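Quick one: sequence and predicted model below, then my questions.
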Amino acid sequence: MARLARGEGAALLDRFRRYLRDHHQPVTRQRDLVAQVVFLSEEHLSVDEILRLLKEQGEAVGTATVYRTLEVLVESGLVRAHDFGEGFRRYEAMPAQTHHEHLICDRCGRVVEFQNERLERMLPIIADEHGYQHQRHRVEIYGVCADCRRRELIVTAGER
């Protein structure tokens, strides 16, 4: 995902604060800090990475606070949690109009985001063919990326 402009990050932070108030939850500096790290990141972040980034900023936020804040961010729809088969979740900001899918390399874990209009048009049709009303979807395609395939070819060629 492309890095959000500071203005977009600020808008998401405002939406998060409004969500907290609307749900009678406290708006705290620690929650703001966690949200800002996720909103301004180019990456799909793990909890450990969020904690590291906060520490690099000189901020002390507890692990439990990070987990609880991420849970609320996901509930709010402002952040999406992903399980890419690494044994932990990764999180990314979900500003309006940024729906995308993922290609995940089984070897190196690289994640590539993509958008495909044909796929978007087909999914509701597929759902309808099976008697479902399409509401939302998530597509994750697992395989081996070009870099890993190239490395494997080099290793294989060297063994001959």
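Thanks, I have the structure now. These numbers come from a predicted model, not from an experiment.

residue ranges of the helices in this protein, please?
With DSSP state H as the criterion, the chain has helices at 6-22, 29-39, 47-56, 63-76, 117-129, 146-159.

For Arg138, which of those helices is the nearest?
helix 117-129 (10.3 Å; Cβ to Cβ). Every residue, glycine included, has its C-beta placed from N, CA and C.

what about the closest one, distance to the chain center?
Taking Cα atoms, centre = their mean, to the nearest Å, the mean C-alpha location of helix 117-129 is offset from the chain mean by 23 Å.

for it, packing partners?
The helices and strands touching helix 117-129, judged by 3 or more Cβ pairs under 8 Å, 6 or more residues apart in numbering; DSSP states H and E, number zero.

average pLDDT across that helix?
Mean pLDDT, helix 117-129: 90.

Same check on stretch 68-85?
92.

Quote the end-to-end distance of it.
22 Å (Cα to Cα, to the nearest Å).

Check which residues of that stretch are buried.
Buried positions in stretch 68-85, judged by neighbour count with 16 or more other Cβ atoms under 10 Å: Thr69, Leu70, Val72, Leu73, Ser76, Leu78, Val79, Arg80, His82, Phe84.

so where's the protein shaky on pLDDT?
By pLDDT under 70, the low-scoring segments of the chain are 1-7, 95-98, 158, 160.

Nearest to the spatial middle of it, which residue is it?
When Cα atoms, centre = their mean is applied to the chain, the residue found nearest the centroid is Glu92 (2.7 Å).

Okay, and the beta partners of that residue?
Arg80 (DSSP bridges).

I'd say it and Ser46 touch.
No - the pair Glu92 / Ser46 is not scored as a contact, 11.1 Å apart, by Cβ atoms under 8 Å.

do you know how far Cys148 is from Tyr142?
Distance of Cys148 to Tyr142, computed by Cβ to Cβ, to the nearest Å: 12 Å.

Of the buried residues of stretch 68-85, just say which sits nearest to His24.
Val72 (12.0 Å).

Wait, the closest one touches Leu20, no?
Yes - with contact defined as Cβ under 8 Å, Val72 reaches Leu20; the gap is 7.1 Å.
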